[in-house]
Structures are given as structure tokens and as C-alpha cells.
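In: Need coordinates for the below:
(one chain, ligands or ions: 1)
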Amino acid sequence: MFGFMDAFLKNDSFSLQKDILDHVEYTVARSRFIFDDFEAYQGLSYSVRDRLIERWHDTHRYFKKKDPKRLYFLSLEFLMGRSLSNSVINLGIRDQYADALNQLGFEFEVVAEQEGDAALGNGGLARLCACQMDSLATLDYPAWGYGLRYQYGLFRQIILDGFQLEEPDYWLNFGNPWEIERVHVSYPVKFYGTVEEEGIQGQTIKVWIPGETVEAVAYDNPIPGYGTRNAINLRLWAAKPSDQYDMESYNTGDYINAIMDRQKAETISNVLYPDDRSYQVALQINDTHPSLAIAEVMRVLVDEEHLDWSRAWDITSRVFSFTTHTVHAEALEKIPVDLLGNLLPRHLQIIYEINYKFMEELKSMIGQDYDRLSRMSIVEEGAVKSIRMANLSIVCCQIVNGVSKVHLDLLKERVFKDFYELWPQKFQYKTNGVTQRRWVVVSNPNLSSLISKWLGTESWIRNVDLLAGLRQHVSDPDLQREWKMVKKVNKARLAEYIETLSGIKVSLDAMFDVQIKRIHEYKRQLLNILGIIHRYDCIKNMETSDRRKVVPRVCIIGGKAAPGYDIAKKIIKLCHVVAEKINNDADIGDLLKLVFIPDYNVSVAELVIPGSDLSQHLSTAGHEASGTGSMKFLMNGCLLLATADGAIVEIMEEVGADNMFLFGAKVNEVPALHEKGASLKAPLQFLRVVRMVRDGYFGFKDYFKSLCDTLEDGKDFYLLGYDFASYLEAQAAADRTFVDPEKWIHMSILSTAGSGKFSSDKTIEEYAKHTWGIEPCKCPF
Ligand SMILES: CCc1ccc([C@H](C)CC(=O)N[C@@H]2O[C@H](CO)[C@@H](O)[C@H](O)[C@H]2O)cc1
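Out: Below you'll find the model as predicted:
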């Protein structure tokens with residue numbers, strides 16, 4: 001059966017050449033005899049798309065046949081990045097395509113550079129679910145990703161005179177070969193209006209008369225697994241103006257028909273609970289952002305399926321589970337009831353009903369403890385009456401998980417303490433992971449083939465535990481030499497990128513020290529910059545003779561600041577003025593360089609991470625729920641300088657603290673340090689570098705005042721002063737180790753060897769087993 005299907009699309013170089021040229025001619029509509037790199041990219045992408053569609057069809061035909069329990073993963077953000085290289089590698093035909101392109105006079109890498117990032121997300125949370133989709137596909141799980149097809153991606157970061165400016169990301173301007181518009185898969189989505197009570201067949205039902213309707217149209221993005229025929233679906237919804245609902249019919253109460261029209265909507269519920277069989281779907285909400293889905297499922301079951309409330313609630317509270325990605329209570333979403341009541345009046349009613357029943361149940365369990373009752377209420381009274389989406393998610397979902405062991409402890413002890421004490425069985429942790437396909441095989445092919453060579457197999461790409469096999473070769477001089485060479489080649493590529501970007505020539509013998517992530521006070525890019533100022537100041541005050549002992553550094557910082565986040569923007573500016581001073585100081589030369597990489601995104605990460613020697617993860621302990629950047633660096637043999645926060649604590653267990661550079665206050669020490677407040681005295685070195693900034697040593701004296709004020713004793717909430725001394729010690733330890741290449745390479749190889757646990761394959765297997773109860777459903781070849 002499937003053998004026959006395969007026959008259609010051949011993957012030999014000649015067939016690929018023909019397919020590419022056919023698409024250039026017929027899809028891109030450019031002459032097959034003359035086309036440029038971008039048109040080659042389009043032709044190539046459409047030919048890859050054909051192969052994705054074939055696998056997509058076969059997979060979904062097989063899922064239909066086998067009818068396994070399915071996962072619907074709801075997220076408002078998917079940071080997919082580029083698709084071309086990842087797709088041809090997961091399809092196992094990269095070399096054939098590279099050869100086909102060569103035959104046509106094109107370079108695969110050059111053509112692949114034509115693709116823009118699909119940046120439909122902010123940071124960690126968004127990229128995590130992209131990695132998880134890759135693992136769900138590769139591990140053959142019957143899963144769908146659901147999200148929104150935003151018109152614009154995350155803003156482009158333009159740096160002007162060291163200041164961050166934002167520009168729209170017109171990611172769709174040049175078309176998107178990786179999506180399939182499903183014009184026939186569309187649903188009217190209702191907003192505003194009123195809720196009427198109607199008696200029908202002796203039942204009073206609520207009828208929502210919307211004020212406005214938008215048509216949601218599906219765009220399907222095939223997600224190919226690696227080394228399997230399975231290709232799953234990421235369905236992104238776009239909003240289109242709709243004339244579906246002629247208010248006329250509503251006003252005349254002709255809603256029966258309207259409901260009938262809505263038949264399509266019922267299919268959603270049809271898959272939810274096929275009569276008495278166990279629940280056939282699991283719904284995962286990625287943080288609180290999609291949590292309105294809880295009220296929507298209740299609305300469909302009660303208002304459209306006419307189930308009684310308790311039956312509907314029984315279903316809803318069994319199919320949903322919730323992952324939280326933050327430790328900051330202030331980041332927990334709250335929606336003002338005025339806004340929700342106006343926009344989605346029926347959903348607000350349902351949430352009130354859920355809360356009423358929950359409060360009744362809670363009173364029966366904890367009695368009249370009004371403080372606790374009001375803390376746990378889904379409805380927050382007060383100045384702005386609002387709905388606590390995290391409380392709604394916890395009350396409804398059968399499982400609530402943090403994204404690292406430390407994160408769960410913080411949820412239990414602080415963020416969701418009341419709920420944990422009520423429902424301890426609901427709370428779990430699922431340590432994050434990243435996909436080794438994109439973060440090693442795609443972005444670091446040299447290291448990928450070196451690992452396969454020394455493990456004697458490529459199957460680590462699907463079975464990441466095999467990476468541990470590198471440990472037995474760690475002292476082999478050949479491996480060490482080849483490992484060093486791979487890093488050198490990647491550093492050269494990064495150095496070239498830096499020179500193209502900034503005109504700065506950096507020495508490959510220097511330690512490439514990298515901190516790339518969203519700019520945020522708790523991630524302490526400022527500590528990194530103050531450490532660099534200290535290093536600069538020390539070199540300046542050194543005897544020339546002593547300068548020979550300085551370990552040369554190229555410090556690389558990258559990341560976007562939320563447009564309205566002023567302090568974060570000042571940190572970006574400070575980085576630029578410090579770089580200006582250092583990079584143009586003849587006394588310093590190659591001993592120290594500071595480079596800010598603009599417009600940091602997935603593709604930039606794929607270039608920077610393989611070329612990094614050291615990566616920094618400086619969050620104040622107890623503030624980073626997990627962190628996933630650290631895992632990507634670890635897999636690429638880059639050493640970590642970090643606080644024992646989030647997933648770093650588990651990385652220490654896997655790789656060994658002596659293969660990392662750790663510093664700073666521990667998670668359980670921070671609350672007491674906060675108590676101490678102003679009595680906490682910062683060390684002199686710290687006061688000195690802050691003074692330099694405050695006094696205008698780098699200029700912009702007034703502009704940086706508020707930034708310096710955040711570091712004053714008693715106001716230094718993120719403990720930069722308290723951690724500064726141990727931070728400098730960790731940096732000095734890194735210097736000492738870097739001048740001992742044997743030791744460094746040893747730690748680098750052991751980092752990769754111990755990174756298997758942090759593959760998103762592991763994370764997904766845990767969720768599948770303990771949260772979703774789904775089994776692999778592998779489409780036969
Ligand atoms: C409503 C605004 C908003 C948007 C996104 C978020 C995300 C939850 C922030 C985020 O990306 N959190 C990060 O999630 C990663 C994946 O689990 C973790 O590794 C990071 O520690 C966490 O900061 C919070 C608030």
C-alpha cells in the first residue's frame with residue numbers, strides 16, 4: 001500500500017532538480033533558465049513542501065485509520081524560525097537537495113539564507129513549543145499544534161546609535177511556502193453581543209447573540225519528524241472579515257438555523273468524548289494565554305451540546321492540563337471583567353459559574369478562611385475586578401506542571417502555595433528540553449558528523465541517550481583535536497558574521513563568551529556588562545607586562561527588550577557605549593572586545609551557539625523558571641557560567657558542577673537576602689564600576705541615572721551587588737581553565753555527553769506518559 005504511494009516523488013538528485021525547476025517555472029513563474037537565489041529558495045521550498053504534504057496525508061490517513069488518543073497543544077506563540085534546512089534534514093534528503101542545487105549552479109547554504117524566520121513568539125515559551133512539536137513528530141505521537149497566524153512576527157530590532165528601535169516584521173510579504181491555506185476549514189468566531197435565555201424542548205438554554213463575528217481560517221504547517229514518515233500538523237488560525245452572520249436572522253430569533261449552521265463547530269466537541277470510551281483527546285494549554293479555551297469548551301458542551309453542567313465540567317476538567325512558565329506572580333495574566341464581559345459575555349458567565357461552584361466546594365473543605373478564599377478565587381475583587389487566568393487554569397486542569405524541578409518547588413512554596421496545599425496531586429514538573437535536530441544536526445553539522453563518527457552511529461539523533469557514549473572517548477587525543485577543530489571552524493563563521501555586522505575583527509584565539517536571550521532585569525545582562533567594565537578597568541590599570549597574562553575575550557550579547565521596557569532598553573544602550581569605549585581603546589587591542597548582536601532570533605542563535613566557548617545564564621536564583629538556551633549551548637559543547645537557577649540545577653546533576661562555572665546566591669538563600677535589604681553591602685569593585693557609569697565615564701550620565709539607581713544598596717532587588725564577587729571568581733575560573741585547552745575540551749565533550757536529558761524528546765515522553773496518556777502511532781513506510 002505505502003510502497004506504491006512512495007513511487008510518486010523520487011528523491012534522487014535528478015528528480016529533485018526537475019521538481020525545483022518545475023516549481024520555479026510553474027509555481028514561482030520565473031523562467032527555469034534564469035532565476036536568482038531567492039527564486040531558487042522558493043522553487044526548492046515548494047518541492048520540499050510537496051514531500052511534506054505527501055507525508056502529512058499519509059500520517060493523517062493512518063491516524064484516521066488507527067484513531068489513537070490525540071493531543072491538541074494550544075499555544076499563543078510558536079517560534080519556528082526557518083523551516084527549509086530542518087525539513088530536508090528530517091526528511092533525510094539534505095545531501096540529495098544540496099547536490100541537485102549544485103547541479104543547477106546554486107549553493108544550498110546560500111539559498112537557505114534567503115529564508116526569513118517565522119518569529120511568531122517572544123522567547124523561551126515560544127521556542128520551547130517549537131522544539132516540542134519537532135519531538136512530537138519524531139516520536140510519532142498523534143498531536144496537533146494550535147495557534148494564531150499573526151500578520152506580523154515579533155518586531156525587528158534595529159539599533160540606532162546604540163538604542164533599540166522596533167520595526168514591524170512583514171514575514172508574509174514574500175509568501176510562505178511552509179503553510180497550506182485551508183479555505184474550507186473556517187469557523188465563525190463570535191464576539192460582543194448579549195446572552196439571552198430561551199426555553200427549548202422544556203430546557204432553558206443560554207443563547208449568545210453576538211455583536212460581531214470574525215471568520216477564523218486555518219493554515220496548516222506540516223511538521224516532519226526525523227527518521228519517520230510521520231508529519232504532524234501545526235494549525236494556525238487567521239482572522240478574516242466575515243459576513244457569515246446576518247444579524248437579521250438573529251434578531252428574528254431564527255437562531256435555531258444559526259445553531260444548525262454552526263454544525264461544523266460541533267465536530268470540535270465530537271472528538272472530545274465519543275460516548276463511553278475513555279477520553280480520546282488531551283488538551284494542553286501552554287501558560288495561561290490560551291486558558292479561555294476552558295470556558296469555550298464548557299460553552300460548546302452546555303450551550304450547543306446541551307449537556308448538563310456537571311457532565312460538561314467532568315469532561316472539561318479531565319481533558320485539560322496546564323503548563324506554567326513563570327515564577328513572577330505579576331506575570332500571571334488577569335483579564336478585567338469589564339473587558340471580558342463586553343468581548344465575551346457568555347464566557348464570563350461561565351467563568352463566574354465555575355468560580356461559584358469552586359468557592360462552594362472550597363468553603364466546604366477549608367471553612368470560612370476568607371483570606372485564603374479570596375486569594376484562591378478565580379475572580380479578583382478590588383479596584384479593577386478581574387479574572388485570574390492562572391486560578392481558572394488550576395481549578396479546571398487535572399495536571400499543572402512547572403518546567404523544572406526548582407520551578408515546581410517555587411510553585412509549591414510561593415506562586416501557587418494555596419492550591420498546592422489543596423490539590424498536591426495536581427502539581428508536577430516536566431523539565432524543559434530542546435531538539436537536537438535543529439540545535440545540533442541543522443545548526444552544527446560538523447559537530448553532528450563528528451559525534452556520529454565517534455559513536456559509530458547516527459541513531460543518537462533519535463535516541464539522545466546515546467550521547468553519553470562520548471564519555472568513554474573524552475581523553476582520546478584524536479577526538480579532542482577534532483572537537484577543537486570543529487569549534488574553531490564555527491568560531492571563524494561567527495567571527496565573519498560579527499565583522500560583517502559591526503566591522504569589528506575579533507581574534508579566534510579569544511574566548512567567545514556569549515549571553516543571548518530576552519533582555520530582562522532578572523536575567524542580569526547588566527551584571528555581565530558591569531563584569532566587562534571591571535575586566536576593562538583592570539586591564540587598563542595593569543602593568544603592560546602583566547597584560548600578557550590576560551585571557552583575551554570576545555563578549556557577545558544579544559536579545560530584544562520589550563518595546564515598553566525602559567530599563568531593559570537602557571541596558572542595551574549601556575552595552576553599546578561600553579563597547580564603543582573598549583573596542584576603540586588601543587591599549588586593549590584583542591584582549592577584550594564587546595559586541596551586541598542586533599535582532600536576535602532563532603536563526604542568529606543557530607549561528608552563534610555553535611561558535612561559543614562560554615555561555616552565561618546569570619538569573620537571580622529563583623527567577624528563571626527553567627531556561628532553555630543553556631541546554632542548546634550544552635549540546636554544542638559550550639561551557640556554562642551560571643547561577644544554580646531553573647534547569648541549571650538539573651544540568652549540574654547530569655554534567656557535574658565541576659564541568660561548569662557556578663556562582664551566586666542559591667534559590668533558598670534569596671528570600672533572606674531580600675529581608676536584609678539595605679544592610680546588604682556591595683563589594684568595592686561593584687561600587688567602583690557602578691560609579692564609573694553613574695559619573696558618565698561612558699557618557700549619557702543622566703540617561704543611565706535610573707539604571708544605576710536600581711543598583712543602590714537596599715534597591716538592588718536582583719542582587720547584582722551581592723553576587724558580584726562570586727561572579728568575578730567564576731569568570732576568573734573560566735579564564736584559568738581556558739588557558740588549559742586539555743581541561744577545557746574535556747569539560748566541553750562531557751557537556752555534550754551529559755546533555756541527552758535535556759532533549760525535548762525526553763520532555764515529550766514524560767508528558768505523553770504522565771500527563772496526556774497518548775501512545776506513538778507510527779505511519780508505516
Ligand atoms: C502575557 C505576557 C507574557 C508572555 C509570555 C510569557 C512567557 C511565559 C515568558 C516565557 O517565555 N517564559 C519562559 O518560558 C521558558 C520555557 O518554559 C522558560 O525556560 C523560561 O525560564 C521562562 O522565563 C509571560 C508573559
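In: who's in contact with G664?
Out: Contacts for G664 (Cβ atoms under 8 Å, 6 or more residues apart in numbering) come out as L618, T620, A621, T643, A644, L719, D723, S726, Y727. For every residue, glycine as well, the C-beta is placed using N, CA and C.
In: From what I see, the second one and L526 are in contact.
Out: So that's T620. No - between T620 and L526 there is no contact under Cβ atoms under 8 Å: 11.2 Å.
In: thinking again about what came up before, ok, the contacts of G664 vs I394, which is closest?
Out: Of all those, I394 sits closest to A621, with 24.8 Å by Cβ to Cβ.
In: neighbours around that closest one, how many?
Out: 22 (other Cβ atoms under 10 Å).
In: would you say it is within a helix?
Out: No - assigned with DSSP: H, G, I helix; E, B strand; the rest coil, A621 falls outside any helix and is coil.
In: Relative to L44, how far out is the residue of the chain found nearest the ligand?
Out: Residue nearest to the ligand within the chain (Cβ to the nearest ligand atom): G124, separated by 2.8 Å. G124 is 31 Å from L44, where distance means Cβ to Cβ, to the nearest Å.
In: More neighbours: these two, which one.
Out: Set side by side, G124 and L44 show more neighbours around L44, with 28 against 22, by other Cβ under 10 Å.
In: I20 is in contact with the more buried one, correct?
Out: Yes - checked against Cβ under 8 Å, the pair L44 and I20 is within contact range at 5.3 Å.
In: Overlap of the contact sets of these two?
Out: Jointly contacting L44 and I20 under the rule Cβ under 8 Å, 6+ apart are L101.
In: Near the ligand, which residues of the stretch 201-350 of the chain are found?
Out: Within the stretch 201-350 of the chain, the residues that sit near the ligand (Cβ under 6 Å from any ligand atom) are D287, H325, T326, A331, E333.
In: So the first one sits against H325, correct?
Out: Yes - with contacts defined as Cβ under 8 Å, D287 counts as touching H325 at a distance of 5.0 Å.
In: neighbour count winner among those two?
Out: Per other Cβ under 10 Å, whichever of D287 and H325 has more neighbours is D287, with 24 against 20.
In: residue contacts, L607?
Out: Counting by Cβ under 8 Å, 6+ apart, L607 has contacts S443, R493, L494, Y497.
In: again, but for P598
Out: Going by Cβ under 8 Å, 6+ apart, P598 touches Q157, I158, I159, L501, G558.
In: where's it relative to L707, distance?
Out: Distance from P598 to L707, by Cβ to Cβ: 20 Å.
In: do the same with W56
Out: Distance from W56 to L707, by Cβ to Cβ: 50 Å.
In: Repeat that for E77.
Out: 29 Å.
In: you'd agree M692 is up against Y536?
Out: No - M692 lies out of contact with Y536 (Cβ under 8 Å); the separation is 9.5 Å.
In: State the distance from F163 to V693.
Out: F163 is 17 Å from V693, by Cβ to Cβ.
In: next one: L467
Out: From L467 over to V693 (counting by Cβ to Cβ), the distance is 43 Å.
In: Give me the nearest residue to the residue of the chain closest to the ligand, chain neighbours excluded.
Out: Using Cβ to Cβ, 6 or more residues apart in numbering and skipping the chain neighbours, the partner closest in space to G124 is T628 (5.5 Å).
In: okay, the helix or strand Y767 falls within in PDB with CA atoms only?
Out: Y767 belongs to helix 760-767 when assigned by DSSP states H and E. Presented in PDB, the C-alpha positions along helix 760-767 are these (Å, rounded to 0.1, in the frame of the first residue of the first chain):
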ATOM      1  CA  SER A 760      12.800  17.800  24.100                       C
ATOM      2  CA  ASP A 761      12.300  14.100  23.200                       C
ATOM      3  CA  LYS A 762      12.700  13.400  26.900                       C
ATOM      4  CA  THR A 763      10.300  16.100  27.900                       C
ATOM      5  CA  ILE A 764       7.700  14.900  25.500                       C
ATOM      6  CA  GLU A 765       8.000  11.300  26.600                       C
ATOM      7  CA  GLU A 766       7.300  12.400  30.100                       C
ATOM      8  CA  TYR A 767       4.300  14.500  29.100                       C
END
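In: What residues does this protein have near the ligand?
Out: So the chain meets the ligand at 122-125, 128, 287, 325-326, 331, 333, 403, 432, 624-628, 646 (Cβ under 6 Å from any ligand atom).
In: which of those residues are buried?
Out: Among the residues of the chain next to the ligand, those classed as buried by 16 or more other Cβ atoms under 10 Å are 123-125, 128, 287, 325-326, 333, 403, 432, 624-628, 646.
In: nearest to A390, of those?
Out: Nearest to A390 among those, with distances taken as Cβ to Cβ, is E333, at 7.0 Å.
In: Enumerate every residue touching that closest one.
Out: Here E333 is in contact with T288, H289, S291, M389, A390 (Cβ under 8 Å, 6+ apart).
In: Okay, the residue nearest to the first one when sequence neighbours are not counted and Y565: tell me how far apart.
Out: Just to be clear, that refers to T288. Nearest residue to T288 in three dimensions, chain neighbours excluded: M389, at 3.8 Å (Cβ to Cβ, 6+ apart). M389 sits 22 Å away from Y565, going by Cβ to Cβ.
In: Helix or strand: which one has L362?
Out: Using DSSP H and E, the element containing L362 is helix 345-366.
In: pLDDT (mean, whole number) over that helix?
Out: Throughout helix 345-366, pLDDT has a mean value of 98.
In: Now it: buried residues?
Out: Under 16+ other Cβ under 10 Å, the buried positions of helix 345-366 are P345, R346, H347, L348, Q349, I350, I351, I354, N355, F358, M359, L362.
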